[in-house]
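J.: Below: sequence and its predicted model.
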Amino acid sequence: MPAQFDARLKQILSSLLPLLVELNITIPYLNDAKTKIAPRSRDESLESGLLQLAAGTMVLVDMRDIGEGKLVDTGQLLDHMIDVGD
């Protein structure tokens, strides 16, 4: 797809959906233990996650750069959290 299409699609969706978040997915991103997609408790504090969103928020998941590789435990857990189906 042309680069202009990507920018234009985001622009159109943003105008139609006031609460829109973009999430770009790659294997290394999913496998990184520092990736905070869901909220989690660490020691005595609660850390927010990328998917801790206001009700009605739409998430645009971009999987074009996911590539090939192996999901480790962290990656498998995060993959289940953002399961977009086939």
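T.: The structure has been received and is ready for your questions. Residues are numbered from 1 along each chain as shown.

J.: Can you check what pLDDT the model gives the spatially closest residue to Glu47 that is not a sequence neighbour?
T.: Excluding its sequence neighbours, the residue lying closest to Glu47 (C-beta to C-beta, 6 or more residues apart in numbering) is Arg40, at 5.5 Å. (C-beta placed from N, C-alpha, C; glycine too.) Predicted confidence (pLDDT) for Arg40: 74.

J.: Next, count neighbours for Arg40.
T.: By other C-beta atoms under 10 Å, 11 other residues sit near Arg40.

J.: what's the residue nearest to Gly56 when sequence neighbours are not counted in contact with, if anything?
T.: Spatially, and ignoring its direct neighbours in sequence, Gly56 is nearest to Leu19 (5.6 Å; C-beta to C-beta, 6+ apart). Counting by C-beta atoms under 8 Å, 6 or more residues apart in numbering, Leu19 touches Leu53, Ala54, Gly56, Thr57, Met58.

J.: for Pro41, what are its contacts?
T.: To be clear, residue 41 is Ser; Pro isn't right here. Contacts of Ser41 by C-beta under 8 Å, 6+ apart are Glu47.

J.: Partner strands of the helix or strand harbouring it and their direction?
T.: If you go by DSSP states H and E, Ser41 is part of strand 40-42. Paired neighbours of strand 40-42 in the sheet (DSSP bridges): strand 45-47 (antiparallel).

J.: immediately after the partner strand, which helix or strand?
T.: Downstream of strand 45-47, the next assigned helix or strand under DSSP H and E is strand 58-62.

J.: who does that next one pair up with?
T.: When pairs are called by DSSP bridges, strand 58-62 turns out to pair with strand 20-24 (parallel).
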